[in-house]
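K.L.:
Any chance you could fold what I've pasted below:
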Amino acid sequence: MLLVISPAKKLDFSPVEIENNLSKPLFQKDATNLANVASKLSKSELKQLMSISDKLADLNFQRFQSFKNNPTEISTKAAAFAFNGDTYTGLNIMEFSKLDLDFSQNHLRILSGLYGLLRPLDLIQPYRLEMGSNLKNDKGHNLYQYWSDIVSNNLNLDLEKSKYNKIINLASVEYSKVINTKIISADIINPQFLEEKNNTLKNVSFFSKKARGSMARFILKNKILNHSEIKDFNYDRYKFNPSLSSELKPVFTRKS
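P.N.:
Next up, the predicted model:
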């Protein structure tokens, strides 16, 4: 069973000690190619491309200018520790043991606009480049055209090597769209997390993002390999709701 999650816009590159062997991104050269494309954009073009402030445009302009194909270890950090958004609050990777991280390295994949597909312990450089960005490149007019075949084929390789036949999609729509479902050789399961208030169920973005990370933590720390066991997910008061669920869309609800 493979899990896929989104990256985060916020980053934390403070030092952290990790006992496990760290890894290099599988598609470092492709990432460098994209970074080179982005490095030719002006600050104002970056601002427009990603709808960001002047301050963030300046920061990411500098990041793309200094991006390296072979970065020094001091300028990098393991991906799952570097991302710092709501999903990663739920994931709480700092509480993972060495064994948890080893399991995660084989079962968790992070979709990325710059790197395509990351393992938790892949060393990344600071960046911001959303998958939905319309960055023209040598494969097309956006990042989906750049990454879709690469990401989908690599997921298939992971599935084949490990004999998994299920992908648990805990990524956002923006990121999961990069997966070409026509060529993926596995069922894709899309958990949904709803808040119940005044007898009404709602999908609240902030809570859903955190819940995706919490479910990833539940699966990885419990070393779950059978997709049916995700129905036992009960972190943060969520409970499986069989009446709202289908085989490929398990629904979890909680009372606000």
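
K.L.:
Tell me where the stretch 101-250 of the chain has strands.
P.N.:
Listed in chain order, the strands of the stretch 101-250 of the chain (DSSP state E, counting those that start in this stretch) span 108-112, 116-118, 123-124, 166-170, 187-189, 192-197, 200-202, 239-240.

K.L.:
out of these, nearest to Ile150?
P.N.:
Taking C-beta to C-beta, strand 116-118 is the member of the strands of the stretch 101-250 of the chain nearest to Ile150, at 5.4 Å. In short, each C-beta sits where N, CA and C put it, glycine included.

K.L.:
what pairs with the closest one, and is each one parallel or antiparallel?
P.N.:
strand 108-112 (antiparallel) (DSSP bridges).

K.L.:
Can I get the strand it pairs with as CSV, trimmed to CA atoms?
P.N.:
C-alpha atoms of strand 108-112 as CSV (Å, rounded to 0.1, in the frame of the first residue of the first chain):
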residue,chain,number,x,y,z
LEU,A,108,4.9,7.3,1.7
ARG,A,109,5.3,9.6,-1.3
ILE,A,110,5.1,13.4,-1.4
LEU,A,111,3.9,15.0,-4.6
SER,A,112,5.9,18.1,-5.5
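
K.L.:
export the strands of the stretch 101-250 of the chain to CSV and tack on mean pLDDT?
P.N.:
As requested, the strands of the stretch 101-250 of the chain are arranged in CSV below (pLDDT from 0 to 100):
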stretch, mean pLDDT
strand 108-112, 99
strand 116-118, 99
strand 123-124, 98
strand 166-170, 98
strand 187-189, 97
strand 192-197, 96
strand 200-202, 95
strand 239-240, 98
